[in-house]
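> all I have is the shape, not the residue letters:
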């Protein structure tokens, strides 16, 4: 890979007034919510869900209060082949960065960046490269170099001046569990992350994120009905504060309830052994419009 690449970062506040810019990725969860006649109510409802969940998990010494508010910024990462102002820039990654406002003290706390990870190249790999390789072979086939370019670009970004100047800690990418795997409890219960699960085998997503330099652990927080997948560097249990972990959980559990209600808004919580499926009928949809089918189609164009 060339050594003369550089990265730049822009941010956009994600609130009830958010509207996707012309360069925004239409496949991201947050852009999908911000479209159509009901966009403002969609955003207001989603943000309220995040705040409620955050305060529920952080209640501890402040039961029933609305002490905290979560503030979200969309972080757009652009790639350029030199660091001059005239260089053409290509958007490659978008994520959410979490901030936490304490209404009682007036303090603002830094959360964790990485939520709602979205990538042009990852969409291309899974929606174009993988189906093409499978069609050519006549059976499910993963190319040997699958995800290598994406992984190298991601790690170069984390090592860049742009990242280090903007973010103090490592990212955590929190997504849904794979419906192709089974999960069982390990017996470990973390005070914030909740009950740990372990998968029966690594999924293709696990392998893909491993090429990005990330390992994975699965936890079902208190009050949740299914585990979340946390991809991270370092030590997930000790590198972040309780408030930081709660910010990631509240944000991503809300998006998963909207996007995958069959799993994350199910009426029956995960048991000792858990096999997630989108075929469940015992779940409740949120009152937030989200076009999952359109999002899948957009990932292929």
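All right, it came through fine. Note that the coordinates shown come from a computational prediction; the quantities given were computed from them, not determined experimentally.

> tell me where the stretch 1-150 of the chain has strands.
Assigned by DSSP state E, counting those that start in this stretch, the stretch 1-150 of the chain shows strands spanning 6-14, 68-80, 89-102, 108-119.

> what's near enough to touch residue 141?
133, 134 (C-beta atoms under 8 Å, 6 or more residues apart in numbering). (Each C-beta comes from the backbone N, C-alpha and C, glycine too.)

> ignore what I typed, I meant residue 219.
When the contact criterion is C-beta under 8 Å, 6+ apart, the partners of residue 219 are 190, 193, 194, 195, 196, 197, 227, 228, 230.

> now with 6 Å?
Residues near residue 219 by C-beta atoms under 6 Å, 6 or more residues apart in numbering: 193, 194, 196, 227.

> could you measure from the last one over to residue 176?
With distances defined as C-beta to C-beta, to the nearest Å, the gap from residue 227 to residue 176 amounts to 9 Å.

> ditto for the second one
Look at residue 194 and residue 176: by C-beta to C-beta, they are 15 Å apart.

> the first one now?
Separation of residue 193 from residue 176 (C-beta to C-beta) stands at 16 Å.

> which one of these two is surrounded by more residues?
More crowded of residue 193 and residue 176, by other C-beta atoms under 10 Å: residue 193, with 25 against 19.

> and the spatially closest residue to that one that is not a sequence neighbour, which of the three is it?
Spatial nearest neighbour of residue 193, excluding adjacent residues (C-beta to C-beta, 6 or more residues apart in numbering): residue 219 at 3.9 Å. At residue 219 the chain is in strand, as set by DSSP: H, G, I helix; E, B strand; the rest coil.

> quick check, pLDDT for residue 219.
At residue 219, the pLDDT value in this model is 98.

> so which residue is dead centre in this protein?
residue 116 (2.8 Å; C-alpha atoms, centre = their mean).

> which one is it nearest to, not counting chain neighbours?
Residue nearest to residue 116 in three dimensions, not counting chain neighbours: residue 96, with 4.6 Å by C-beta to C-beta, 6+ apart.

> show me what contacts that neighbour?
Counting by C-beta under 6 Å, 6+ apart, residue 96 has contacts 72, 115, 116.

> and of those, the nearest to residue 214?
Distance ranking of those against residue 214, using C-beta to C-beta, places residue 115 first at 14.0 Å.

> what score does residue 301 have for pLDDT?
The model reports residue 301 with a pLDDT of 41.

> picking that back up, is the residue nearest to residue 116 bridged to anything, and to what?
residue 74, residue 115 (DSSP bridges).

> tell me where the stretch 101-250 of the chain has helices.
Using DSSP state H, counting those that start in this stretch, the helices of the stretch 101-250 of the chain run over residues 120-124, 130-137, 148-158, 161-166, 204-210, 242-259.

> can I get those in TSV with distance to residue 59?
TSV is the format used below for those (distance: least, C-beta to C-beta, whole Å):
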stretch	distance to residue 59
helix 120-124	36
helix 130-137	43
helix 148-158	34
helix 161-166	31
helix 204-210	32
helix 242-259	10
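
> okay, those, which one's buried deepest?
helix 242-259 (a mean of 24; mean count of other C-beta atoms under 10 Å).

> so residue 262 is in contact with residue 279, correct?
No - in this structure residue 262 lies outside contact range of residue 279 using C-beta atoms under 6 Å: 7.3 Å.

> so which bits of the biggest helix by length in the chain are buried?
Secondary structure of the chain per DSSP state H: the longest helix is helix 39-58. Neighbour-count burial for helix 39-58 flags 39, 42-43, 45-47, 49-51, 53-55, 57-58 (criterion: 16 or more other C-beta atoms under 10 Å).

> now stretch 168-183
For stretch 168-183, a neighbour-count test (16+ other C-beta under 10 Å) marks 169, 170, 171, 172, 173, 174, 175, 176, 177, 178, 181, 183 as buried.

> any weak-confidence spans in the stretch 51-200 of the chain?
For the stretch 51-200 of the chain, the stretches with pLDDT under 70 are 60-64, 82-87.

> go with 80
60-65, 82-88 (pLDDT under 80).

> ok, residue 268 - how many residues close by?
10.

> should've said residue 15
Counted with other C-beta under 10 Å, residues neighbouring residue 15 total 12.

> if anything else comes up later, I'll come back, but that's it for now.
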